[in-house]
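In: Please work out how this folds:
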Amino acid sequence: MTWNTPLKALALMTLLVCIAVPGYGREKAEPGPTKALYQKDLGEMVDLLEDPQKREAFVKNLKNLMAAKEAAPGEAGAEGPRQKEKEILVIEKFFSAFDALSQRFIEAAASTASLAAGTPDGLRDAWGFLSLPENRSRLIRLLVDMAGAVAVALILGLALRRYTPRPRQAQPAFPSRLAFGLVRVLLRLIPYGAILVALSIMFGILPSFPLGQALVFLLFVILLCYRIAFEVFRVILAPEDGTLRLIPLTDENANYYWIWFRRFANYGGFYFLVISTLGASNLAPPSFAFIRGILLVVFPLMISIFILQVAREVRTSYTPSSETCPERDPRRVKGFVIRYWPALAVAYAWAISLFLIFQYDRGFHYLLVATLETGIAVLALFLILRILDRVFNRLFAINIRVKARFPGLEEKTNRYIQIFRKILDVAVVIIGLGVIAQFWGVPVSTFVASRAGTLVIVRAITILITLGVVVAVIGVSQFVGGFLLKEQRGGKKREVTQKMKTLVPVVKTAVRIAAGFVGGIIILESLGVNTTPILAGAGIIGLAVGFGAQTLVKDLITGLFILFEESIRVGDWASVGNKGGNVEAIGLRTVKLRDLNGNVHVVPNSSIDAVTNLSKEYSRAVMDVGVAYREDVDEVMKILKEVGEDLQSDPEYGLHILEPLEIFGLDRFEDSAVVIRTRFKTTPLKQWGIRREFNRRLKKRFDAEGIEIPFPHTTVYMGEPKKGTAPPLEVHIEEGEKPSKD
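Out: This next block holds a predicted model:
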């Protein structure tokens, strides 16, 4: 038998269906060896392929199966209905639990109402019970037992009152106040303990109702517990006498807290008395739970009122800082806590109370244990922080006299120590918060022990180390920059060049930017961010900026060369380009000049093609002195030399003259004068003052010696004929009569 390609494909699909669908072709197979089953399956497959009708039906079934598979939702689609069904089940469970709780509440209320309705019948039964002489005698014996126990307590209390100690000082120390309070509490509680002892003895001597004896004994046990709490808080708050108070409170606050304590204590005693009595009387459980719940509701109401009152007083007394910026106010966290802690405290009080009301022991135990553990953890956390504070203060303390001599020394020496201390405090707080979260059921330890937790911790440590290195690099650059720019070092004054003043801040800024950029890249890598596109983008942006800001780059390069070569410095008088003036600032981009008129010229570095510094290291005062042609040049040069020596010996001007006057000799002939050139070598920027003073003195000396200083004038020449000298021109000036005003 030869198969064509469609038949082969059909056989392959059939084989896959046989493998994928369990039990296909095995409905009629009898138990037997696996080989026999396979042979039977192959035989059925051959029959299916040879019979056209069976083959057509099989293909139709396959198509229907494929269509059904396509129409059915996949795993992702089926997840939605299952999730929805799960949510519906959760909601149904919640409402069913709420319905059951409501039904229990209604049943308990109905039971309590029926119990209250049967009160008259109970009173009649009690009256009938007491009408019997035997019962009345038992009741009398019970009252006698109570009266005897109370009488013993009163006598003992009166006897012990005189032994109560009195404080010897107006304001005793804390140990004395504590000892006095403990003695007073003990002496005041002895009579109440004596009541219980006396009752035990009296019940043995005069027995009465067992139930009555149990209730009376329970009553005095509750009274003893009430007095213990009463006397302990009375010693702590001391509302009557503030000198004996154990905690620092004002008289008003102490009495306020005392009033609220008495309210809680009185209602607590009433609650335990009622609950104990109802529990001893074998009350029906629904009624007992209902009455207990009603009585318990009062506790969270009182606690809520007390918390809200205290929170209002705290908010009223708290005044946030208005001097600092709100974004940087360190008291914002404290203000946030003060504002929202009452809501958390009220919610916690109601949670505890509701767990007690609905007798959810697991929830109450969870909250109680977690609260106690949290309190212990908080106390341990504060203790560790205080110990660290003491250790750092002891190890890195500076002597008081040293701090007085050098006020800024402590800040310099402890700068990075304080940073390390803050990091250590933050680490301790984080560990403490993790422990507290573990107490409240958050699986912190499981997360830390997991691979993800280890990865998070390692990356967090890497980030902290990176931040520390960045801060250290920036701090070192700041220290080195400050050291280089320090004008006084080792008690000696030193000159800081303009090159250093300009380059050091630039280098510090570059180091800060580079350290921040590299640290940011490392931190992003630690956080799992792919920084390759960031680096590539930064390179492209830098290239684009370089092409688009060629003039700026040229300004920067030229400014660097000017600073390195020190062609000009701040304070020099220079000509930069076509502008001249006093150099006020030299930057990487521009040079600022101020001329004699006070105008400031800002010259870009890229436009500077020539720089003329008139005060580089020293200056020259060049003077061209012109005298008449008829004067003796040698005599004039002698006078110039004498005037120069006189000026150099002057106490004011001589300090700025570095060398004696140089006389170059007769320099040139002008129209009406001969010019003699001289010069002084002066300190920078003093050449103009020296030249002006020299000219002033020279003018006075020439006037005294009668040496003519020519001035611009015109000579009229009448001409000379070939035969002889021209006759002189005679000019007669006659004064005429002044014209009259009329």
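In: If you drop the residues flanking it in sequence, what lies closest to F272?
Out: I222 (5.2 Å; CB to CB, 6 or more residues apart in numbering). C-betas here are computed from N, CA, C, even on glycine.
In: isn't that neighbour right up against G268?
Out: No - counting by CB atoms under 8 Å, I222 does not reach G268; the two are 9.3 Å apart.
In: where along the stretch 551-700 of the chain do the strands fall?
Out: 573-576, 579-586, 590-594, 600-604, 611-613, 619-627, 657-669, 674-682 (DSSP state E, counting those that start in this stretch).
In: could the ones you listed be laid out in JSON lines, adding mean pLDDT?
Out: Below are the strands of the stretch 551-700 of the chain laid out as JSON lines (pLDDT from 0 to 100):
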{"stretch": "strand 573-576", "mean pLDDT": "87"}
{"stretch": "strand 579-586", "mean pLDDT": "85"}
{"stretch": "strand 590-594", "mean pLDDT": "87"}
{"stretch": "strand 600-604", "mean pLDDT": "88"}
{"stretch": "strand 611-613", "mean pLDDT": "86"}
{"stretch": "strand 619-627", "mean pLDDT": "91"}
{"stretch": "strand 657-669", "mean pLDDT": "91"}
{"stretch": "strand 674-682", "mean pLDDT": "93"}
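In: Determine the number of other residues adjacent to V297.
Out: For V297, the tally of surrounding residues (other CB atoms under 10 Å) stands at 13.
In: cool, and I521?
Out: 16.
In: Please identify which helix or strand holds it.
Out: In this assignment (DSSP states H and E), I521 forms part of helix 498-526.
In: Neighbours of F299, how many?
Out: F299: 19 neighbours (other CB under 10 Å).
In: per-residue confidence for it?
Out: Turning to F299, the model gives it a pLDDT of 89.
In: Which secondary structure state is assigned to the closest residue to it other than its chain neighbours?
Out: Once flanking residues are discounted, F299 sits nearest to S353: 5.7 Å by CB to CB, 6+ apart. At S353 the chain is in helix, as set by DSSP: H, G, I helix; E, B strand; the rest coil.
In: tell me the pLDDT at I88?
Out: 51.
In: hang on, the earlier thing: save the strands of the stretch 551-700 of the chain as TSV, and put in mean neighbour count and distance to I430 too.
Out: Formatted as TSV, these follow (neighbours: other CB atoms under 10 Å; distance: least, CB to CB, whole Å):
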stretch	mean neighbour count	distance to I430
strand 573-576	20	59
strand 579-586	18	49
strand 590-594	20	50
strand 600-604	15	53
strand 611-613	16	60
strand 619-627	18	67
strand 657-669	14	70
strand 674-682	19	70
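In: wait, which of these is closest to H365?
Out: strand 579-586 (75.5 Å; CB to CB).
In: what packs against the closest one?
Out: helix 550-565, strand 573-576, strand 590-594, strand 600-604 (3 or more CB pairs under 8 Å, 6 or more residues apart in numbering; DSSP states H and E).
In: circling back to that earlier point, so for T374, which of the strands of the stretch 551-700 of the chain sits nearest?
Out: That would be strand 579-586 among the strands of the stretch 551-700 of the chain, by CB to CB, at 61.9 Å.
In: Off-centre distance for the closest one?
Out: With CA atoms, centre = their mean, to the nearest Å as the basis, strand 579-586 stands 46 Å off its chain's centre.
In: Same question for stretch 695-702.
Out: For stretch 695-702, the distance to the chain centre is 75 Å (CA atoms, centre = their mean).
In: ditto for stretch 235-242
Out: 41 Å.
In: Next, the buried residues of the host helix or strand of A460.
Out: Per DSSP H and E, A460 falls inside helix 451-484. Neighbour-count burial for helix 451-484 flags 463, 466, 470, 473-474, 477, 481 (criterion: 16 or more other CB atoms under 10 Å).
In: swap in stretch 436-455?
Out: Within stretch 436-455, the residues scored as buried using 16+ other CB under 10 Å are 436, 438-439, 444, 447.
In: show me where pLDDT drops low in the stretch 301-450 of the chain?
Out: Regions of the stretch 301-450 of the chain meeting the criterion pLDDT under 70 cover residues 318-333, 397-416.
In: Could you report the distance from the residue nearest to D646 when sequence neighbours are not counted to L640?
Out: Spatially, and ignoring its direct neighbours in sequence, D646 is nearest to R697 (6.8 Å; CB to CB, 6+ apart). According to CB to CB, to the nearest Å, R697 stands 10 Å off from L640.
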